[in-house]
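K.L.:
mind folding the following:
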Amino acid sequence: MRRLPVLLGAFLVSWLGAALAAEPASYRAGAQRFTAEMARKHGLQETDIAVLMEKARYRQDIIDAMRRPWEAKPWHQYRAIFVTDQRIAGGVRFWRENAQTLARASAAYGVPPDIITAIIGVETNYGGNLGRHRVIDALTTLGFSYPERADFFRKELEHFLLLSREETIDATGVTGSYAGAVGMPQFIPSSYRAYAVDFDGDGRRDLWESRADVVGSVASYFKRHGWEAGEPVVTRAELRNGIPPGVPVAEKKPVKPESRVGDLAAKGVLAVDPLDRSARATLIRLDGRQDEYWLGLDNFYVITRYNHSNLYAMAVYQLSQEIKASYETEAGKTAAAN
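P.N.:
Sure thing, here's the model as predicted:
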């Protein structure tokens, strides 16, 4: 019986060793350069930034996670993660509990309640999983020792420190995703600073505790990225004779819609649902047990501005439709009972 604590201890030591691997030389060198840059650009005390950098830790597990993203999965596996009975039921509950706020955000920004709800459902399961990584560790690790996207994450680290000052956030205590996204809607720091709104009017933009701020901020983000109220998002496509020559096909990576629906129809790419022939669309192929073809419109592309993946946008859209159908069914039963 005494072997269990020993084995558990060995496992924890092994896990911590993998997570807190020896930091590369680039990590501390990057921290020193960043400290000097922040002091020069923003007039911050270099000693204060240096103390903060000393508290940050290199995390090898974050590097590993970045190199195996969920978006690398085929569509049928990716969809099964997010479009589930549990997330649909959770979305209906979230909508019911926040119906007035969602209606107010929809009126202010033109984004439907089901889309706002689905984003929060996909990102954090309605606040159930806000991330376990210290943001300061994630952004320093990726900004100083992940050359593939170091410039991007170093900029996000800069935004994070400025955000922590603006919103009175403890920079060493905040946890989030392995990419440094925070709160119920998982905003990266630059998005938090640019698009988050104080939707409950308390003088703060709180994406952890204020559901009003969360809902309003997601709607604000979509509006600022070009969401068109009342316009369709995506529809199934039928190919008369396969993929026509000269028609680009987007797969996992988003492509801004440029082709007119009418022009695509003339080439044999038909929308299953009626669409304005002048609307712009992108032909999308989703890989799976059997390939699926869709026409993504401008609003679909807006969803990909939240996460640059067609798989992500489709999961959000399909979850939103399931939530909407279940919510309306529930509302209908309630009305009939009364």
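K.L.:
low-confidence stretches in the protein?
P.N.:
1-21 (pLDDT under 70).
K.L.:
remind me, longest helix of it?
P.N.:
As assigned by DSSP state H, the longest helix anywhere in the chain is helix 310-337.
K.L.:
and that one, what does it pack onto?
P.N.:
helix 75-82, helix 85-97, helix 113-124, strand 234-239, strand 280-286, strand 292-297, helix 298-304 (3 or more Cβ pairs under 8 Å, 6 or more residues apart in numbering; DSSP states H and E). From N, CA and C alone the C-beta is placed, and that goes for glycine too.
K.L.:
do that again at 7 Å, thanks
P.N.:
helix 75-82, helix 85-97, helix 113-124, helix 298-304 (3 or more Cβ pairs under 7 Å, 6 or more residues apart in numbering; DSSP states H and E).
K.L.:
what's the angle from the second one to helix 75-82?
P.N.:
Angle, helix 85-97 to helix 75-82, by axes from the mean of the first three to the mean of the last three Cα atoms, to 10 degrees: 50 degrees.
K.L.:
one step back: next, the angle strand 234-239 makes with the longest helix of the chain.
P.N.:
Using the same axes, to 10 degrees: helix 310-337 against strand 234-239 is 120 degrees.
K.L.:
so how far is helix 310-337 from its chain's centroid?
P.N.:
Helix 310-337 sits 20 Å away from the centroid of its parent chain (Cα atoms, centre = their mean, to the nearest Å).
K.L.:
before we move on, what about stretch 74-81?
P.N.:
16 Å.
K.L.:
quick one, which of the helices and strands packed on helix 310-337 is packed in tightest?
P.N.:
Of all the helices and strands packed on helix 310-337, helix 113-124 has the most neighbours on average by mean count of other Cβ atoms under 10 Å, namely a mean of 26.
K.L.:
where do the helices of the stretch 101-250 of the chain begin and end?
P.N.:
113-124, 135-145, 150-166, 189-195, 211-224 (DSSP state H, counting those that start in this stretch).
K.L.:
of all the ones you listed, which lies closest to M66?
P.N.:
For M66, the closest of the helices of the stretch 101-250 of the chain is helix 135-145, at 6.8 Å, according to Cβ to Cβ.
K.L.:
is F82 in contact with Q318, as I believe?
P.N.:
No: with contact defined as Cβ atoms under 7 Å, F82 does not count as touching Q318 (8.4 Å).
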